[in-house]
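Undergrad: Coordinates only, no sequence provided:
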């Protein structure tokens with residue numbers, strides 16, 4: 001049940017801020033994991049469900 005609440009909370013945050021990047025999505029998932037007492041597996045599910053890139057963003061100035 002708390003997983004569904006966490007997912008609903010994250011989706012609400014994303015609707016309010018549609019231009020969120022992958023790093024910010026990870027922050028939202030971390031906050032949801034703490035606030036809704038989720039397991040690491042639940043966090044992984046959220047990352048997959050929200051299609052968070054597993055690779056960090058490439059910085060063209062340094063790469």
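TA: That came in fine, so what should we check first? Everything numeric here is computed off the predicted structure, so don't read it as measured data. Residues are numbered from 1 along each chain as shown.
Undergrad: List of residues touching the host helix or strand of residue 24?
TA: Taking DSSP states H and E as the definition, one finds residue 24 inside helix 22-35. For helix 22-35, the external contacting residues (C-beta atoms under 8 Å, 6 or more residues apart in numbering) are 6-7, 9-10, 13-14, 17, 20, 38, 42-43, 46-47, 50, 52-53, 56-57. Bear in mind the C-beta positions are built from the backbone N, C-alpha and C, glycine included.
Undergrad: switch to 7 Å and redo it
TA: Contact partners of helix 22-35, identified using C-beta atoms under 7 Å, 6 or more residues apart in numbering, comprise 6, 9-10, 13, 38, 42-43, 46-47, 50, 52-53, 57.
Undergrad: Off-centre distance for it?
TA: Taking C-alpha atoms, centre = their mean, to the nearest Å, one finds the center of helix 22-35 at 5 Å from the center of the full chain.
Undergrad: same thing with stretch 18-32?
TA: 4 Å.
Undergrad: again, but for stretch 31-47
TA: Stretch 31-47 sits 9 Å away from the centroid of its parent chain (C-alpha atoms, centre = their mean).
Undergrad: Quick one: end-to-end distance for it.
TA: With C-alpha to C-alpha, to the nearest Å as the measure, stretch 31-47 spans 13 Å from end to end.
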